[in-house]
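Chemist: Any chance you can model this:
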Amino acid sequence: MKPIETKDFLISKKDFKLSDHKTDYKADIPKEEGQQLLHTEKEKLYDLQEKLYADNSQSLLIVIQAMDAAGKDSLIEHVFGGVNPQGCTITSFKTPSSKEYNHDFLWRHYLAIPEKGKIGIFNRSHYESVLVCKVHPEYNLKERVWDNVKDFDKKFWENRYESIRNFEKHLTNNGTKIIKFFLNVSKEEQKQRFLDRINEEDKNWKFASGDVVERGYWKDYMKAYEEAIQATNTDYAPWHIIPADKKWYTRLSALQIIIETLENMNLKFPEVNKEEKEALQKAKIELENEK
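Modeler: Below you'll find the model as predicted:
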């Protein structure tokens, strides 16, 4: 089986364009081979997650951003379906509540940061505050923290990007490794997935009329994503642009990036000292001699 070159998904230049990244790329891997590789790699993830949990000195935060119907939920289901639920937390960020609007835009995200030994997954994230809030600036006014703000200008957004960089740097400095995914789906594929949700009755619940409204802002969202990724792509919290038209390839690519990240975290199972080993042997003898 041919491995995926995960470095190909990293942003290598500041002035990148999403239009330069193919949404239907799948390397030279046949679908059947890719699905089998996904199954095999999930076993590696299970072992690495167990080691992360036992090591209990670091955590991993995975940020997933995308347009509607790009496959965020199914990626989480198919990649993390086999891990120990005790070592994994998933947070889906919806529209902020009135209580959350009474705090700064990062407050609710701090509350969801994974504790040591765990993997945390953000299904949407703090980036919504420089994405949907940039496309629809009126949402910012609900935060109730502004003093006569009338124009959300370039400086306003630069300050938000700086806050995000500082937030992620702080987490990194305190033992949380961060990887960020943008699932890059085409407008044509999104249309087909919307139609599938409408045509297939058991998928109707996934569709909302507002999805079509937001689709009308496609160019605005692409511009917002490009600017946000350019401003917040760092060595300590890198962005990965994942092709999302082929769901099986999206899942496999993300999984291999997660595995490589965990392997590079130098995780170790706790060592047992001499006294503890002697106690183990004593317990073993007692159990074996038990009547």
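
Chemist: Let me see the residues that make contact with stretch 29-38.
Modeler: Under the contact criterion Cβ atoms under 8 Å, 6 or more residues apart in numbering, stretch 29-38 has outside partners 1-2, 4, 26, 78, 246, 248-249, 251-252, 255. Any C-beta I mention is one placed from the backbone N, CA and C, and that applies to glycine too.

Chemist: Nearest to Lys180 among those residues?
Modeler: Closest approach to Lys180 among the contacts of stretch 29-38 (Cβ to Cβ): Leu255, at 15.4 Å.

Chemist: who's in contact with that closest one?
Modeler: Leu255 makes contact with 38, 41-42, 45, 79 under the criterion Cβ under 8 Å, 6+ apart.

Chemist: and if you look at Lys191?
Modeler: Residues counted as contacts of Lys191 (Cβ under 8 Å, 6+ apart) are Arg215.

Chemist: could you redo the last one with a cut-off of 10 Å?
Modeler: Lys191 makes contacts with 69, 212, 215, as judged by Cβ atoms under 10 Å, 6 or more residues apart in numbering.

Chemist: which element is it on?
Modeler: In this structure, Lys191 is located in helix 187-199 according to DSSP states H and E.

Chemist: so how far is that helix from its chain's centroid?
Modeler: A distance of 23 Å separates the C-alpha centroid of helix 187-199 from that of its chain, computed with Cα atoms, centre = their mean, to the nearest Å.

Chemist: who does whichever helix or strand comes after that helix touch, helix- and strand-wise?
Modeler: If you walk from helix 187-199 toward the C-terminus, the next helix or strand you reach (DSSP H and E) is helix 209-215. With contacts taken as 3 or more Cβ pairs under 10 Å, 6 or more residues apart in numbering; DSSP states H and E, helix 209-215 sits against helix 187-199, helix 218-232.

Chemist: most packed of these?
Modeler: Ranked by mean neighbour count, those are led by helix 218-232 with a mean of 17 (mean count of other Cβ atoms under 10 Å).

Chemist: Let's test this: mean pLDDT of the helix or strand that that one is followed by, rounded?
Modeler: Secondary structure here is assigned by DSSP H and E; on that basis, the next helix or strand after helix 218-232 toward the C-terminus is strand 239-243. Strand 239-243 shows a mean pLDDT of 96 in the predicted model.

Chemist: Who are the packing partners of strand 239-243?
Modeler: In terms of contact count using 3+ Cβ pairs under 10 Å, 6+ apart, strand 239-243 is assigned the packing partners strand 59-66, strand 176-184, helix 218-232, helix 247-263.

Chemist: go with 6 Å
Modeler: Judged by 3 or more Cβ pairs under 6 Å, 6 or more residues apart in numbering; DSSP states H and E, strand 239-243 is in contact with strand 176-184, helix 247-263.
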